[in-house]
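Novice: show me the folded form of this:
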Amino acid sequence: MMRWSLVVMLALMLAGCQIAPQWPTTPSGEPSIEELPAPEEPPQDGRIPRQVRFPEGEYAALEKTGNASIRGRLYQHDSRGNLVPGAGETVSIAPITTYSAEAAEVVLSGRAIAPADPRAREYTHYARTDADGNFVANGLPAGDYYVAGRVGALNGRPIIHQVSVRSGQTVSVTLKR
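Specialist: Numbers count the residues shown, from 1 in each chain. Predicted coordinates:
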């Protein structure tokens, strides 16, 4: 009796496999062709599209101004080992968030990322370097920042450092390669 039970169970299982179609079909029984959405088009300028959406809540918790300062120097060594200051360059100082972390990761990998949401730029501070590559940014709120710059005279890749600053504090950073 047990033997017949196994045979009947096996027959039912195999019959069930024949009833279900292997792929979607049209009412006439022909296979259907599904249109898949087109992949997101990469920007034409070669920049990597952002994957992280602007986190409104994360930025809403941040202050835009304060009494802290970041000062530093931007330079790079050329192929002969000579120090080339980042003269007349813009240094950006962006709060560390999930949004800015994505951008930093992409930039450090040697690729360009799509421009930041204008709302994020409201929290980013900028400083201009002098002829020796020195810069100072005042009026920063306490917090953790990505400080980034590049030596344009050498077509240098961006240099990024993480910096923490407390209220009323001045922190020094050297952006060098």
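Novice: contact partners for the closest residue to residue 137 other than its chain neighbours?
Specialist: Closest residue in space to residue 137, ignoring its immediate chain neighbours: residue 127 at 4.1 Å, by C-beta to C-beta, 6 or more residues apart in numbering. Bear in mind the C-beta positions are built from the backbone N, C-alpha and C, glycine included. With contacts taken as C-beta atoms under 8 Å, 6 or more residues apart in numbering, residue 127 has the following neighbours: 70, 90-91, 93, 135-137.
Novice: could you dump these into a markdown table with neighbour count, secondary structure and distance to residue 169 added?
Specialist: As requested, the contacts of residue 127 are arranged in a markdown table below (neighbours: other C-beta atoms under 10 Å; DSSP: H, G, I helix; E, B strand; the rest coil; distance: C-beta to C-beta, whole Å):
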| residue | neighbour count | secondary structure | distance to residue 169 |
| --- | --- | --- | --- |
| 70 | 23 | strand | 9 |
| 90 | 15 | strand | 23 |
| 91 | 25 | strand | 18 |
| 93 | 22 | strand | 14 |
| 135 | 24 | strand | 17 |
| 136 | 15 | strand | 13 |
| 137 | 21 | strand | 13 |
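Novice: any regions of the protein where pLDDT drops low?
Specialist: Scanning the chain with the threshold set as pLDDT under 70 gives 1-44.
Novice: quick one: contacts for residue 103?
Specialist: When contacts are counted by C-beta under 8 Å, 6+ apart, residue 103 is found next to 50, 94, 113, 116.
Novice: and residue 94, by the same measure?
Specialist: Shown in contact with residue 94 (C-beta under 8 Å, 6+ apart): 100, 103, 120, 123-125, 145-146, 148.
Novice: are we agreed that the residue nearest to residue 137 is in a strand?
Specialist: Yes - checked against DSSP: H, G, I helix; E, B strand; the rest coil, residue 127 lies within a strand.
Novice: any idea how far it lies from residue 89?
Specialist: As for residue 127, its distance to residue 89 is 9 Å (criterion: C-beta to C-beta, to the nearest Å).
Novice: circling back to that earlier point, most surrounded residue in the contacts of residue 103?
Specialist: For the contacts of residue 103, counting by other C-beta atoms under 10 Å, the largest number of neighbours falls to residue 94: 22 neighbours.
Novice: need the helices for the chain, in chain order.
Specialist: Taking DSSP state H as the test, the helices found in the chain are 2-19, 56-60, 98-108, 118-121.
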